[in-house]
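Participant: Have a look; sequence and predicted model below, questions after that.
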Amino acid sequence: MDNDLEAALERYERMLGLYLGAQKELGEAALELRRRGIHKSPPRKLRFPLPDEREGTTHKIEIGAPPKKFEGYVTTGIYSDGSLGEIFLEAEKEGSFISGIIDAFAVVFSLALQYGVPLEHVIDKLKNSRFEPEGFTTNKDIGSATSVVDYLMKWLELRYHKKEESDDGSTS
């Protein structure tokens, strides 16, 4: 590794430590203010967008049976460390309204990841969401899903959450 890269990584780690320490103190101060009836809006966090060229995976989603069968694709973008940074969703044979909602969901999901919301928190909140279409899937590791969102969370958990958990021995 060259000296400039080593110095940049060292500076990043140092600044990240300061940022995380300040964030913890800020959270504690906000809790104290809340106990006293003062509710401050959270500060804007740092966004870490992905580079213009990045690795990822495209995965086919199939849930349910006709006439309520869902077919589509999820494409992921990952950071160089392998952690998830964005998703794109594409639904086959869906109208513009549903396609627009799916696209908006993917954008908000991706922004949450890039602003540091842990993948496990998003999975915990959205896994087991129940709405049509639901049913058996063609993915042997998932079996069935109670919705497209449930399927997506189960797949992301299998594909990325376990990896992020094992990279450093802790849950991200």
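Facilitator: Received it, and whenever you're ready, just let me know what you need.
Participant: What's the separation between the closest residue in space to L84 that isn't next to it in sequence and V74?
Facilitator: Distances taken as C-beta to C-beta, 6 or more residues apart in numbering place Y160 nearest to L84, at 4.4 Å, with adjacent residues excluded. Heads up, the C-betas are built off the backbone N, CA and C, glycines and all. From Y160 across to V74, the span is 11 Å (C-beta to C-beta, to the nearest Å).
Participant: go on, L89?
Facilitator: From L89 to V74 the distance is 6 Å (C-beta to C-beta).
Participant: Mind listing the shared neighbours of these two?
Facilitator: Overlap of the contact sets of L89 and V74 (by C-beta atoms under 8 Å, 6 or more residues apart in numbering) consists of L152.
Participant: quick one on the thing from earlier: give me the three-state assignment for the residue nearest to L84.
Facilitator: Three-state call for Y160 (DSSP: H, G, I helix; E, B strand; the rest coil): helix.
Participant: count of residues packed around it?
Facilitator: When neighbours are counted by other C-beta atoms under 10 Å, Y160 registers 23.
Participant: My guess is Y151 contacts T137. True?
Facilitator: Yes. Using C-beta atoms under 8 Å, Y151 makes contact with T137 at a distance of 6.1 Å.
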